[in-house]
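In: what follows is a predicted protein model with its sequence.
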Amino acid sequence: MTAQEAMGGGGCLPSVRGTVLPRAAYEAAICASGLPATARLVALVLASKADSHAGARGGPLMLAQADIAGYAGVSLPTATRELARLEVRGWITRSRGGGRSNPTAYTFTVPRGGGHTA
């Protein structure tokens, strides 16, 4: 992780509407969201990886759930559960790749109302 990434970075994330979402704004909304700590961790890991990988090529983040679990330091079932929570609550959208060799595509959103959830 670079110093810029550790401090919140200045990059942009691919969003659902084909536009970009400032990474710092997404991270601030995640941190203020009221999501459980593990869900926030997974969301911040996704943002970090999107900023460094997807941003360079301008498309959605393509990443396997096992990789997300490894980057976040959580088990695969935990990562799977938290990704589902983020999707249901409107923080990410996923287009599943179907299988180990086809990673899932992730895009980012901030739910209406800033995502303040219980």
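Out: Everything's here; your move. Numbers count the residues shown, from 1 in each chain.

In: from here on, just use CA atoms for contacts and neighbour counts.
Out: Will do.

In: pull the helix or strand with minimum mean pLDDT from this structure.
Out: Scoring the helices and strands of the chain by mean pLDDT, DSSP states H and E places helix 3-6 at the bottom, with a mean of 36.

In: OK, contacts around residue 94?
Out: Residues near residue 94 by C-alpha atoms under 8 Å, 6 or more residues apart in numbering: 87, 104, 105, 106, 107.

In: quick one, phi psi at it?
Out: Dihedral angles of residue 94 (phi, psi; degrees, to the nearest 10) stand at phi -130, psi 140.

In: my guess is residue 40 contacts residue 31. True?
Out: Yes - applying C-alpha atoms under 8 Å, one finds residue 40 in contact with residue 31, separated by 6.7 Å.

In: mind checking how far residue 81 is from residue 88?
Out: Distance, residue 81 to residue 88, by C-alpha to C-alpha, to the nearest Å: 11 Å.

In: more neighbours, those two?
Out: residue 81 (14 against 11; other C-alpha atoms under 10 Å).

In: quickly find the element holding the more buried one.
Out: helix 76-88 (DSSP states H and E).
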